[in-house]
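**Student:** okay, predicted coordinates and the sequence, questions at the end:
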Amino acid sequence: MKVLVADNFEKSGLDGLAAAGCEVLYQPAVKDDALTEAIRASAADVLVVRSTKVTAAMLDAGRLGLIVRAGAGYNTIDVAAASARGIYVSNCPGKNAVAVAELVLALMLALDRRVPDNVAALRAGQWNKKEYSKARGLQGQTLGLLGVGNIAQEVIRRAAGFGLNIVLWSRRFDGQDRAMADPDARDLGIETAFRQTRIALAPTPAAVAERADIVSIHLALGPETKGLIDAAFFDRMKPGAMFINTARGEVVDYAALDAAIQTKHLRVGLDVYPNEPGSATADFSDALFSKPAVYGTHHIGASTDQAQEAIAAETVRIIRSFKETGRVPNVVNLAKRTPATHMLVVRHRDRPGVLAHLFAHLREANLNVQETENIVFEGAEAAVARINLDGAPAAALCDKIKSGNGDVLDLQVVTL
C-alpha cells in the first residue's frame, strides 16, 4: 500500500507506516497543482495531510481510497467530493486536546497578568511594577465554554485546578439550563479534578456570554457555527471580560469583536484567524494586533511535541487498520443512515453462486443494494445474508429467488 504524506509529519509516524508494510512517499512541500500531480504520479492509496487543502480535482487525479487528516478538524478537505467518489476521510480527534487546552490556560494567565507586556517592557529597559502588578486573578471567576468536546473537557479539568467555575453551552444540550452535580458532569464525559468545581449548562450561547468572566470557544466549523459569535453575542458579555478563541477563526465575527474591544473593553487571546496564511511563514497583518488588549499566537494550539507524536501514532493506527482489515477508524463521511427501506434476510448454504443469484434477481427488479452483510456459521456450512435495499422486494420476486436456487433455505423481508 502506497502512502503519500503531503505535510510535515513526525519521524515516528513515518517509521510506523514503514513498519506496517507501507511504501511511504514523504513530500511535505507539495501543494495545489503539485499535489495533484503527485497523487497522479504516485498512484497512492492513502493521502496524509495536516493543513494542506485537498480538492475534488486532486481526488480525480489518482486512485486514493483514504485521506487521513493528521489532526482534529477536516475543513480543508473537500469531504463531499470524497464521499461522492467512495473515498474514506478520517481524522485524529482528541489527540491534540491537551495541547490546545494548555494554550487556553496560558492565554488566560497571560491576559490576567499581562505577561507579554511585562516581557516587552523589561526588554526595553523599563521597570514598572506599579502598572504591571494590577491583575484580577482567576480564582472564583466563571469560565464560559461554547462546545464541550475533547478540548473543552481538558480545559475544564485544568480550570478546576485554578478554582474557576464553569458554565457551558453545546449543541448537544441546547436549551438546557441547570446546575450540574459532580455525578452529572461525569455522565457528560466530564470528570473534574476537584469536587468543589461548579458546572452549569446554559440554554444559549448568549446566556454563557452574560454569565462568564472568561469566554473560550471550542466549536467545530460548519454552516451552523460560521459567524455564530457575532455582535449580539459580544453585546451580552460583561465589561472587561476575557475572550479566547483557539477553535476556528470563521466561527467568530472578527469585525464585531474589534468593535466590542472598544465598547466592552474586552481582553482578547487569539490563536486562529479568518484569513490565515497557508504557509508556515508569511507576512500577516491585522488591525487587531495593534490593540494592547489583544494577545495573539500563530495557530500553535496543537503544536507540542507530545500532541504531534500522539497524532502520528493515531495516523499509523488508522492506516494499519485500513491495510490489514479494510476498516477505517474515525471515519467522518459515512452516511448516518442510508436510503434503505427494507432488509432482505436470506438463510442459505455457504456455496458459490448463492449471493450472485440473489444480486442478479435484485438487479432485474431494479432494487439497489445499500448495505450487505454475510454471516457464516461455525463449520462454514451455512450463512445468513442481510441485504438492505432501497425498496420493498415483491412477494413474487422472493418466491423466484427461493425457488431458483436450492441452496436458499429461507427468506424474510423486514421493513426498516
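**Tutor:** Done, it's in.
**Student:** okay, now the unreliable bits of this protein?
**Tutor:** The model of the chain has pLDDT under 70 over residues 181-196.
**Student:** what's the domain layout of it?
**Tutor:** Following automatic domain parsing, one gets these domains for the chain: 2-95+306-325, 97-301, 342-415.
**Student:** those domains: which one's closest to Asn333?
**Tutor:** Across the domains of the chain, the minimum distance to Asn333, taken as Cβ to Cβ, is reached by domain 2-95+306-325, at 4.6 Å. No exception for glycine: its C-beta is placed from N, CA and C like everyone else's.
**Student:** gap between stretch 390-404 and the chain center?
**Tutor:** What separates the centre of stretch 390-404 from the centre of its chain is 43 Å, taken as Cα atoms, centre = their mean, to the nearest Å.
**Student:** so Gly13 sits in a strand?
**Tutor:** No. Per DSSP: H, G, I helix; E, B strand; the rest coil, Gly13 lies outside any strand segment and is helix.
**Student:** that one against Ala313, yeah?
**Tutor:** Yes. Between Gly13 and Ala313 there is a contact under Cβ atoms under 8 Å: 7.1 Å.
**Student:** so which of the two has more stuff around it?
**Tutor:** For Gly13 versus Ala313, neighbours defined as other Cβ atoms under 10 Å are more numerous around Gly13 (23 against 16).
**Student:** which residue, other than its chain neighbours, is closest to that one?
**Tutor:** Ala312 (3.1 Å; Cβ to Cβ, 6 or more residues apart in numbering).
**Student:** what sits against that neighbour?
**Tutor:** Taking Cβ atoms under 8 Å, 6 or more residues apart in numbering, we find Ala312 in contact with 9-10, 12-13, 16, 70.
**Student:** apply 7 Å and report the result again.
**Tutor:** Residues counted as contacts of Ala312 (Cβ atoms under 7 Å, 6 or more residues apart in numbering) are 9-10, 12-13, 16.
**Student:** kindly indicate which of the residues you listed lies nearest Ala61.
**Tutor:** Nearest to Ala61 among those, with distances taken as Cβ to Cβ, is Phe9, at 21.0 Å.
**Student:** Ala200 and Asn245, how far apart?
**Tutor:** Distance, Ala200 to Asn245, using Cβ to Cβ, to the nearest Å: 22 Å.
**Student:** with Leu17 instead?
**Tutor:** Separation of Leu17 from Asn245 (Cβ to Cβ): 34 Å.
**Student:** what do you get for Asp32?
**Tutor:** Relative to Asn245, Asp32 is positioned 28 Å away (Cβ to Cβ).
**Student:** between these two, which has more neighbouring residues?
**Tutor:** Asn245 (25 against 13).
**Student:** the more buried one and Leu270 touch, don't they?
**Tutor:** Yes. Applying Cβ atoms under 7 Å as the test, Asn245 and Leu270 come out as touching, 5.4 Å apart.
**Student:** can you pick the most crowded of the contacts of Ala312?
**Tutor:** Result: Gly13 is most packed of the contacts of Ala312 (other Cβ under 10 Å), 23 neighbours.
**Student:** report the contact partners of that residue.
**Tutor:** Going by Cβ under 7 Å, 6+ apart, Gly13 touches 312, 315-316.
**Student:** contacting residues around Asp78?
**Tutor:** Contacts for Asp78 (Cβ under 7 Å, 6+ apart) come out as 54-56.
**Student:** make it 6 Å
**Tutor:** 55-56 (Cβ atoms under 6 Å, 6 or more residues apart in numbering).
**Student:** and the strands in the stretch 201-350 of the chain, which stretches?
**Tutor:** Along the stretch 201-350 of the chain, counting by DSSP state E, counting those that start in this stretch, strands occupy 214-217, 242-245, 267-270, 294-296, 342-349.
**Student:** hmm, who's touching the shortest one?
**Tutor:** If I follow you right, that is strand 294-296. For strand 294-296, using Cβ under 6 Å, 6+ apart, the contacting residues are 110, 116, 268-270, 288-289.
**Student:** of those residues, grab the buried ones for ChimeraX.
**Tutor:** Filtering those down to the buried ones (16 or more other Cβ atoms under 10 Å) takes a single ChimeraX command:
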select :110,268,269,270,288
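**Student:** just send the contacts of strand 294-296 back as CSV, with distance to Thr281 too.
**Tutor:** CSV is the format used below for the contacts of strand 294-296 (distance: Cβ to Cβ, whole Å):
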residue, distance to Thr281
Ala110, 23
Pro116, 21
Val268, 24
Gly269, 22
Leu270, 19
Leu288, 20
Phe289, 17
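**Student:** closest one of the contacts of strand 294-296 to Val148?
**Tutor:** Closest to Val148, out of all of the contacts of strand 294-296 and judged by Cβ to Cβ, is Gly269, at 19.7 Å.
**Student:** does the closest residue to that closest one other than its chain neighbours fall in a helix, a strand, or a coil region?
**Tutor:** Using Cβ to Cβ, 6+ apart and skipping residues adjacent in sequence, the residue nearest Gly269 is Leu107, 3.2 Å away. Taking three-state DSSP as the rule, one finds Leu107 in the helix state.
**Student:** now Val328: how far from Leu4?
**Tutor:** Computed with Cβ to Cβ, the distance linking Val328 and Leu4 is 17 Å.
**Student:** the more surrounded of the two?
**Tutor:** Between Val328 and Leu4, counted using other Cβ under 10 Å, Leu4 has the larger neighbour count: 24 against 19.
**Student:** ok, now which ones touch that one?
**Tutor:** 25, 42, 44, 47.
**Student:** what helix or strand does it sit in?
**Tutor:** Assigned by DSSP states H and E, Leu4 belongs to strand 2-5.
**Student:** Gly144 sits in which helix or strand?
**Tutor:** Assigned by DSSP H and E, Gly144 falls within strand 142-146.
**Student:** which residues are in contact with that strand?
**Tutor:** For strand 142-146, the external contacting residues (Cβ under 6 Å, 6+ apart) are 152, 159, 164-169, 205, 208, 211-219.
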